[in-house]
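Asks: From the sequence below, what's the structure:
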Amino acid sequence: MGTAYAKIGIFGFAGSGKTRTSFEIALGLAAKSKKKAIAFFDTEKGSDFMIPLANKAGVELFTHKGKSFKDMLQFLKEVQAEGIEVVIIDSISHVWRDLCDSYLKTKGRKYFTMMDWGILKGQWKDYTDAYINTPIHILMLGRAGNEYETNTNDDTGKQEMVKSGTKMKVEGETGFEPDLLIEMERIEQPTGIINRAWIVKDRTDTLNGKSIDNPKFASFKSFFDFLNIGGEHAGIPTQSDTTQIFDRPDWSYEDRKKRKEIAIEGIQEALTLGDMEGRSADATKKRTELLIKHFGGSGKTFIENLKMEDLESGLLALRTDLGLVKPEEFPLPKTNDTEEIK
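Replies: Residues are numbered from 1 along each chain as shown. Reported below is the predicted structural model:
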């Protein structure tokens, strides 16, 4: 089994028991970890009310209060460096909202375009990569939102919006990432309130579809028994390196993507100015040789999938080789970044 750390998602409406359930699970995981501690990224002050439970269990509780996407990524890095193996993020919905609001603020707009969502999803991937691959148990909590679909009314023939279910209020694909996804529900009974957990998804297939009232850590024993807790964690390989985003705002996903597109357009421009765009066998041969010399290949797909810095350095060499510019007239941006944008 390659999964050694639990990746759990919990969502629900107000008062459904998300925070308490996550903390019960976190206490159980902390008891099994080397450092008996829980790190809490708190956007709602919920960690304050968990202090008595942590003290009673003899578990240290470290909290960071805020909603910043950037701070959350840094928080995960620092937690790992400190050797803390259990994290609660409550609520991820606030962090997603911060990323969206911050993006609009930089654009000076109050609305999104279709292109904006692609950029935001690319930036959000920095978090989902960390969520999956970081060797930490992560409990990601989110607010619930209703899902709607369009149906035709049989009596009137008109299109109507009908509630079709619930989901976590966050970037649309995030709910697919957890290995265990729990929806919490508040049940009012004459004897009191019950917090009911519905197992929406369980990759171990031991709890799928079940409901658990007032759940504790032991309620999910079959899921945790399936994991390789204490062993080596095998996440999903990724070439993402997001450290530059913290102190280099210009190195956002959007800016890196634009620089790569500019470099590809620059290659086409250099070939045109260097009279390398002919269709004769001789021109095709010379153009192919030049591209292979400076980029390692000549195919369109090959060029488009090169790293940004390889495209920029290759473009400088190509322009110099064609006599279009002297090296000092086309300085490359100073960077240590090795991010690959595809």
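Asks: now Arg259, nearest residue through space, not along the chain?
Replies: Of all residues not flanking Arg259 in the chain, Met308 sits nearest, at 5.7 Å (CB to CB, 6 or more residues apart in numbering). C-beta here means a position set from N, CA and C on the backbone, and glycine is covered the same way.
Asks: Quick check, the one you found in contact with Ile264.
Replies: No - applying CB atoms under 8 Å, one finds Met308 not in contact with Ile264, separated by 9.9 Å.
Asks: between the two, who's got more neighbours?
Replies: Met308 (23 against 17; other CB atoms under 10 Å).
Asks: tell me which element Ile132 falls in.
Replies: Assigned by DSSP states H and E, Ile132 falls within helix 114-133.
Asks: quick one on the thing from earlier: and the residue nearest to Arg259, how far from Phe302?
Replies: Plainly put, Met308 is 15 Å away from Phe302 if you go by CB to CB, to the nearest Å.
Asks: Please apply the same query to Thr284.
Replies: Going from Thr284 to Phe302 by CB to CB gives 16 Å.
Asks: go on, Glu265?
Replies: Distance, Glu265 to Phe302, by CB to CB: 17 Å.
Asks: got any ranges where the chain has weak pLDDT?
Replies: Residue ranges of the chain with pLDDT under 70: 1-2, 147-165, 231-252, 326-342.
Asks: where do the helices sit along it?
Replies: All helices of the chain, identified by DSSP state H, fall at 18-32, 51-57, 69-81, 92-107, 114-133, 221-226, 244-247, 253-273, 281-295, 300-304, 308-321.
Asks: Neighbours of the residue nearest to Leu311 when sequence neighbours are not counted, how many?
Replies: Spatial nearest neighbour of Leu311, excluding adjacent residues (CB to CB, 6+ apart): Ala263 at 3.9 Å. Counted with other CB under 10 Å, the neighbours of Ala263 add up to 20.
Asks: just checking, Ala263 touches Met308?
Replies: Yes - between Ala263 and Met308 there is a contact under CB under 8 Å: 6.9 Å.
Asks: tell me, what's touching these two both at once?
Replies: Counting by CB atoms under 8 Å, 6 or more residues apart in numbering, Ala263 and Met308 have no shared contacts at all.
Asks: The chain - how does it break down into domains?
Replies: If you go by automatic domain parsing, the domain ranges for the chain are 7-233, 250-329.
Asks: Can you tell me, leaving aside adjacent residues, what's nearest to Ala83?
Replies: Quick fix: residue 83 reads Gly, not Ala. Nearest residue to Gly83, sequence neighbours excluded (CB to CB, 6+ apart): Lys35, at 5.0 Å.
Asks: Distance check, the one you found against Glu85.
Replies: From Lys35 over to Glu85 the distance is 7 Å, taken as CB to CB.
Asks: Same check on Ile262?
Replies: Relative to Glu85, and taking CB to CB, Ile262 is found at 43 Å.
Asks: quick one: which of the two has more around it?
Replies: When Ile262 and Glu85 are compared for neighbours, Glu85 comes out ahead with 25 against 13, by other CB under 10 Å.
Asks: quick one: the closest residue to the more buried one other than its chain neighbours from Asn228, how far?
Replies: Counting by CB to CB, 6+ apart, Ser33 is the residue found nearest to Glu85 once chain neighbours are left out, at 4.0 Å. For Ser33, the distance to Asn228 equals 14 Å [CB to CB].
Asks: cool, Ile132 as well?
Replies: To Asn228, Ile132 is 15 Å away according to CB to CB.
Asks: Who has more neighbours out of these two?
Replies: Taking other CB under 10 Å, Ile132 and Asn228 do not tie; Ile132 has more neighbours (18 against 13).
Asks: I figured that one hits Glu177, correct?
Replies: Yes - here Ile132 reaches Glu177: they are 6.2 Å apart, a contact under CB under 8 Å.
Asks: Mutual contacts of the two, please.
Replies: Between them, Ile132 and Glu177 share these contacting residues under CB under 8 Å, 6+ apart: Lys7.
Asks: tell me the contacts of Arg203?
Replies: When contacts are taken as CB under 8 Å, 6+ apart, Arg203 is in contact with Asp179, Leu180.
Asks: Kindly recompute the last result at 10 Å.
Replies: By CB atoms under 10 Å, 6 or more residues apart in numbering, the residues touching Arg203 are Thr3, Lys7, Pro178, Asp179, Leu180, Leu181, Phe223, Phe226.
Asks: Just those: which are in strands?
Replies: Mapping those onto strands (DSSP state E) picks out Lys7, Leu180, Leu181.
Asks: any idea how far the second one lies from Ile264?
Replies: Here Leu180 is placed at a distance of 42 Å from Ile264 (CB to CB).
Asks: what do you get for the last one?
Replies: Using CB to CB, one obtains 40 Å as the distance from Leu181 to Ile264.
Asks: Show the end-to-end separation of stretch 24-44, please.
Replies: Criterion CA to CA, to the nearest Å; first-to-last residue distance in stretch 24-44 is 18 Å.
Asks: Pull the distance from it to the chain's centre.
Replies: Remark: stretch 24-44 is offset 21 Å from the chain centroid, using CA atoms, centre = their mean, to the nearest Å.
Asks: again with stretch 93-103
Replies: Stretch 93-103 sits 13 Å away from the centroid of its parent chain (CA atoms, centre = their mean).
Asks: Stretch 315-322 too?
Replies: Its chain's C-alpha centre and that of stretch 315-322 lie 37 Å apart, by CA atoms, centre = their mean.
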